[in-house]
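Asker: curious how this folds, go ahead:
(4 chains)
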There are 2 protein chains.
Amino acid sequence: MPHGTQFSTRQRILGAAEELFAERGFAGASLRQVTAAAKVNLAAVNYHFGSKNNLIEEVFRRRLDELSRRRLERLAELDAAGHASLETVLDAFITPALELSLDRKGGSVFMRVLARAFAEHNSSLRTFLSDNYGHVLKDFAAAFARLLPDLGKEELYWRLDIAVGALTYAMADFGMIQRRSGESERAHREKMAKHLIHFTAAGLRA
Amino acid sequence: MPHGTQFSTRQRILGAAEELFAERGFAGASLRQVTAAAKVNLAAVNYHFGSKNNLIEEVFRRRLDELSRRRLERLAELDAAGHASLETVLDAFITPALELSLDRKGGSVFMRVLARAFAEHNSSLRTFLSDNYGHVLKDFAAAFARLLPDLGKEELYWRLDIAVGALTYAMADFGMIQRRSGESERAHREKMAKHLIHFTAAGLRA
DNA sequence: CTAGACTTCAAACGATTGTTTGAAACGCGA
DNA sequence: TCGCGTTTCAAACAATCGTTTGAAGTCTAG
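Answerer: Next up is the predicted model:
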């Protein structure tokens, strides 16, 4: 790492990798495709990141550090203000992801990558994500436990597991509903978030 | 195709491919790994299936033909008997997938492969699945529309999209809940199906 | 202006990818 | 037993994979 800002090459690689991993998967996107899309030299990946695996982890770290911070921040605000409800806690989890998606041109690029990670069952990637960001899910689970005191622990965990599935799948835009022509990406995603919160809250209450 | 039964090589390849695609993805599992696991010659894949892409499609066809048939059969039974409710229709969708999972030693191998297909956003695989098995989802959507007559069409589609996400994710066993030691795979999966139906029905009603 | 750390580059490394080849082995009807 | 369609096999194809190399280029502190 030198002195001045080093955004250029590193960030270009991360951006291109994110899009190609979302589109073709981690194994399906080659470093040559990534570096070509980023318009940098092939060797730049191993120079800046060491290996393809490290690049993959860095793609997650770049987004998840801030995403986790924002989620926990919103959750803490709710607890402090005494405004915690199923709907507001779900909103604290979803809205930061929504904003992240809307930061980028294509929409939910990173969320698609994140959903891919769930499919990697025995990979070291799941260990990496669980080790580094598992505490976020734990904090939210504790908040839901407080809001649903009548639910047994096992019952609660089942419902949370299903809820995470619904959220992951929907935020990754894996479904069949297409954005209506003329409707902005923002409007489409916000409508989805609204339905998602409504649906999941009802499922958790059941 | 010769005279006698030809289960051996073809079926061994399909079984090994299914497991490796579930574990490493379509791009991540090579034909050499597949043929080694199936204990057949490398060239057998191209001889029996023509290409890797055709093999992938055949992995789906082998399971989805019967799965779709059973799902529609159960749905038709419900309609004929007048027993259709949110819970029973969800059961008609989930139980056949559950039985398919329990047919095999490892549990939900094929369901994991199926969930991988959802992540392949622009691939020809999604087109193949949509073209050949889209009518199943359509029939179920129609059944739900009849059961939720007060819901607007757009509202209904949003909820169904979210429901499919929850079902896909859960049936693929992507969640964090582990089977309890001492608990059978069957008992674990049936418990999941019960929670899944309860959660999703509540979300659809909302 | 020079020394030296940092970054980029073209080129190549061996390994692995999907696919093709032609010969060998097989299985059954005639 | 012969002959012939079917299947298996080892070997090789060009292409692509992740990674490494050493030289060329860029930049700033001194």
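
Asker: for chain A, which residues score under the pLDDT cut-off?
Answerer: Residues of chain A that meet the criterion pLDDT under 70 lie in A:1-7, A:105-107.

Asker: ok, and does the longest helix along chain A reach over to chain B?
Answerer: Using DSSP state H to define each element, chain A has its longest helix at helix A:52-81. No. Judged by C-beta under 8 Å from any C-beta of the partner chain, helix A:52-81 stays clear of chain B, getting no closer than 12.4 Å. Quick note: C-beta positions are derived from backbone N, CA and C, even for glycine.

Asker: next SSE after that helix?
Answerer: Following helix A:52-81 in sequence order, the next helix or strand is helix A:86-103 (DSSP states H and E).

Asker: packing partners of the longest helix of chain A?
Answerer: Helix A:52-81 sits against helix A:7-24, helix A:31-38, helix A:43-49, helix A:86-103, helix A:109-119, helix A:124-147, with contacts defined as 3 or more C-beta pairs under 8 Å, 6 or more residues apart in numbering or on different chains; DSSP states H and E.

Asker: and B:Ile56, which of these is closest to it?
Answerer: Proximity to B:Ile56 (C-beta to C-beta) singles out helix A:7-24 among these, at 14.3 Å.

Asker: what about A:Ala27, is that helix, strand or coil?
Answerer: coil (DSSP: H, G, I helix; E, B strand; the rest coil).

Asker: now it. Its backbone dihedrals?
Answerer: Here is the backbone geometry of A:Ala27 (degrees, to the nearest 10): phi -80, psi -30.

Asker: so it makes contact with B:Leu20?
Answerer: No. Judged on C-beta atoms under 8 Å, A:Ala27 makes no contact with B:Leu20 at a distance of 11.8 Å.

Asker: how near is whichever residue of chain A sits closest to DNA strand D to A:Ala37?
Answerer: Residue of chain A nearest DNA strand D, by C-beta to the nearest atom of the strand: A:Ser30 (2.9 Å). Using C-beta to C-beta, to the nearest Å, A:Ser30 is found at 11 Å from A:Ala37.

Asker: for the residue nearest the centre of chain A, what are its contacts?
Answerer: Chain A has A:Met111 as the residue nearest its centroid, 4.5 Å off, counting by C-alpha atoms, centre = their mean. In this structure, A:Met111 makes contact with A:Ala97, A:Leu100, A:Ser101, A:Met171, A:Ala172, A:Asp173, judged by C-beta atoms under 8 Å, 6 or more residues apart in numbering or on different chains.

Asker: same check, this time on A:Ala145
Answerer: A:Leu151, A:Lys153, A:Leu156.

Asker: one step back: who's more crowded, A:Ala27 and B:Leu20?
Answerer: Using other C-beta atoms under 10 Å in any protein chain shown as the criterion, A:Ala27 and B:Leu20 rank with B:Leu20 on top: 22 against 16.

Asker: which non-adjacent residue is nearest the more buried one?
Answerer: Leaving aside its chain neighbours, B:Leu20 sits nearest to B:Ala29 (3.8 Å; criterion: C-beta to C-beta, 6 or more residues apart in numbering or on different chains).

Asker: what residues are up against A:Glu23?
Answerer: Contacts of A:Glu23 (C-beta under 8 Å, 6+ apart): A:Ala29, B:His121, B:Asn122.

Asker: who wins on neighbours among those?
Answerer: A:Ala29 (22 neighbours).

Asker: hang on, it packs against A:Glu18?
Answerer: No. Here A:Ala29 does not reach A:Glu18: they are 9.9 Å apart, not a contact under C-beta under 8 Å.

Asker: contact residues of chain A facing DNA strand D?
Answerer: For chain A, the residues found near DNA strand D under the criterion C-beta under 7 Å from any atom of the strand are A:3-4, A:29-33, A:42-43, A:45-46, A:51-53.

Asker: go back to those and keep what's next to DNA strand C.
Answerer: A:Leu42, A:Ala43.

Asker: report the buried members of the residues of chain A next to DNA strand D.
Answerer: Neighbour counting by 16 or more other C-beta atoms under 10 Å in any protein chain shown classes A:Ala29, A:Leu31, A:Val45, A:Lys52 among the residues of chain A next to DNA strand D as buried.

Asker: nearest residue to the third one in space, please, no chain neighbours.
Answerer: Going back to what we said before, that points to A:Val45. Among residues not flanking A:Val45 along the chain, A:Leu31 sits closest, at 5.2 Å (C-beta to C-beta, 6+ apart).

Asker: residues contacting that neighbour?
Answerer: A:Leu42, A:Val45, A:Lys52, A:Leu55.

Asker: which of those residues lies closest to chain B?
Answerer: Among the contacts of A:Leu31, A:Lys52 lies closest to chain B (C-beta to the nearest C-beta), at 12.4 Å.

Asker: thought A:Leu204 was touching A:Ala141?
Answerer: No. A:Leu204 is beyond contact range of A:Ala141, at 11.4 Å (criterion: C-beta under 8 Å).

Asker: okay, and the common contacts of these two?
Answerer: Common contacts of A:Leu204 and A:Ala141 (C-beta under 8 Å, 6+ apart): A:Leu160.

Asker: among these two, which residue is more densely surrounded?
Answerer: Taking other C-beta under 10 Å, A:Leu204 and A:Ala141 do not tie; A:Leu204 has more neighbours (22 against 16).

Asker: can you tell me the SS state at that one?
Answerer: Following three-state DSSP, the label given to A:Leu204 is helix.

Asker: list the contacts for it?
Answerer: A:Leu204 is in contact with A:Leu86, A:Phe144, A:Leu148, A:Arg159, A:Leu160, A:Ala163, B:Phe199, counting by C-beta under 8 Å, 6+ apart.
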